[in-house]
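Enquirer: Coordinates for the following, if possible.
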Amino acid sequence: MSVWLSSEDVSEQLVGVFNNPKLLLGIPLALAGAVFMSLGAQYQHRGVEKVEQLSGSDAASGLTFDQLKRLLARPSWLVGTLMLALAIVCQLSALAVAPLIVVQPLGAIALVITTLLNARVSGHTPTKQSITAIVCCVGGIFLFVSFAAVFATEKAIGDIELFTILAILLVVIIALGAAWLVLRHRMRALFYVIGAGILYGFVATLAKATINRIENGSFDWITVICVIALVAASAVGAYFVQTAYGSGPPDLVIAGLTVVDPMVAVLIGMLVLGEAAAAPGWVLAIFGLAGAIAVFGVVGLARYHPQVLSESQDLGIERGSSAGPSTGSGPQ
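Expert: Residues are numbered from 1 along each chain as shown. This is a model prediction of the structure:
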């Protein structure tokens, strides 16, 4: 079999943009959402830090009810919440016109913006290693979206697909609940970032499923359950994110979210919703390579982030070495 594709074969495979020209609107909407998300993360992180100072209690292992009430009175946290609300509006608008596997990975742009903002606010200048890690994150996502925008397709979401998503979410919630009881005092920010990323991946998928079923005139009791699950997952994910801000810099939290979230959403979009059904094998291999590059970038940022190193925060993962030898044992 020839490895060369004829012009007819190529035209048949370039289905994403030509079958859905509105996709060109979905991409800038997703990028706008990423900008609002980065601004919201910075302001909410500032609000959580202030509440920790006022309450005299560390929120690393979970925000208390009193701390949650104090957050509602913090102007910076409220501004950040407004920014995140705008990010959600942009994200839902993008999901309404473009495939899930195209829209969701674009949130990685928020990592670059958040890193620059946090460097200015905290005074921790990004190092060469952290900049390399950010380039890997954004480069991997750009590579993925470039091919997903061409080959991704959309289908009507039936009852079987929706039941499958809800069943997987139920298993995930049970697993996260058990892990929360065991690991929340050990892994701190890392656990909450991963948990929030997984939940937000399902939130994006459920939002896409709801929009798809409404557009296809299939708003029934199953769709109502989908909306309820979406709201519940959003609430728990938001709690996880606020707690992560109590023990990690905002750009590191965003780094985890912008990789874990789209990885979960993309896997569901490809395996359950069939959005990559038109992609040939070599494109799927590129998807895998792009995802590996992005994950490598997040791990590198977690190891070499200057603020993490200077504050010696315990994230449960290996960090980069400092300029000189260690003079004492850090927290285990």
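Enquirer: For burial, what's the neighbour tally of Ala119?
Expert: 17 (other Cβ atoms under 10 Å). For glycine as for every other residue, the C-beta is placed from the backbone atoms N, C-alpha and C.
Enquirer: host element of it?
Expert: Here Ala119, judged by DSSP states H and E, is contained in helix 109-122.
Enquirer: helices and strands of the chain: which one has the lowest mean pLDDT?
Expert: One helix or strand of the chain scores below all others by mean pLDDT, DSSP states H and E: helix 7-13, with a mean of 46.
Enquirer: Name the spans of this protein whose pLDDT lies under the cut-off.
Expert: Scanning the chain with the threshold set as pLDDT under 70 gives 1-23, 56-63, 122-124, 149, 154, 184-189, 247-248, 251, 301-332.
Enquirer: where do the helices sit along it?
Expert: Secondary structure of the chain (DSSP state H): helices at 7-13, 16-19, 23-55, 65-71, 75-97, 100-103, 109-122, 128-151, 159-187, 189-215, 221-245, 250-271, 281-304, 306-311.
Enquirer: looking at the ones you listed, which is buried most?
Expert: Of all the helices of the chain, helix 100-103 carries the top mean neighbour count, a mean of 30, counting by mean count of other Cβ atoms under 10 Å.
Enquirer: Tell me which residues are up against it.
Expert: By Cβ atoms under 8 Å, 6 or more residues apart in numbering, the surrounding residues in contact with helix 100-103 are 16, 23, 26-27, 29-30, 91, 94-95, 145, 148-149, 152, 204-205, 208, 265-266, 268-270, 273, 275-276.
Enquirer: ok so, going back, counting contacts, what elements does the helix holding Ala119 pack onto?
Expert: Contact partners of helix 109-122 among helices and strands, from 3 or more Cβ pairs under 8 Å, 6 or more residues apart in numbering; DSSP states H and E: helix 23-55, helix 128-151, helix 250-271.
Enquirer: want to try JSON lines for those helices, with distance to Val103 as columns?
Expert: Converted to JSON lines, the helices and strands packed on helix 109-122 look like this (distance: least, Cβ to Cβ, whole Å):
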{"stretch": "helix 23-55", "distance to Val103": "5"}
{"stretch": "helix 128-151", "distance to Val103": "9"}
{"stretch": "helix 250-271", "distance to Val103": "9"}
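Enquirer: Between the ones you listed, which one is closest to Gln242.
Expert: Nearest of the helices and strands packed on helix 109-122 to Gln242, taken as Cβ to Cβ: helix 23-55 at 5.8 Å.
Enquirer: does Thr125 really touch Thr115, like I thought?
Expert: No: taking contacts as Cβ atoms under 8 Å, Thr125 lies outside contact range of Thr115: 10.7 Å.
Enquirer: and for these two, which residues touch both?
Expert: Counting by Cβ under 8 Å, 6+ apart, nothing touches both Thr125 and Thr115.
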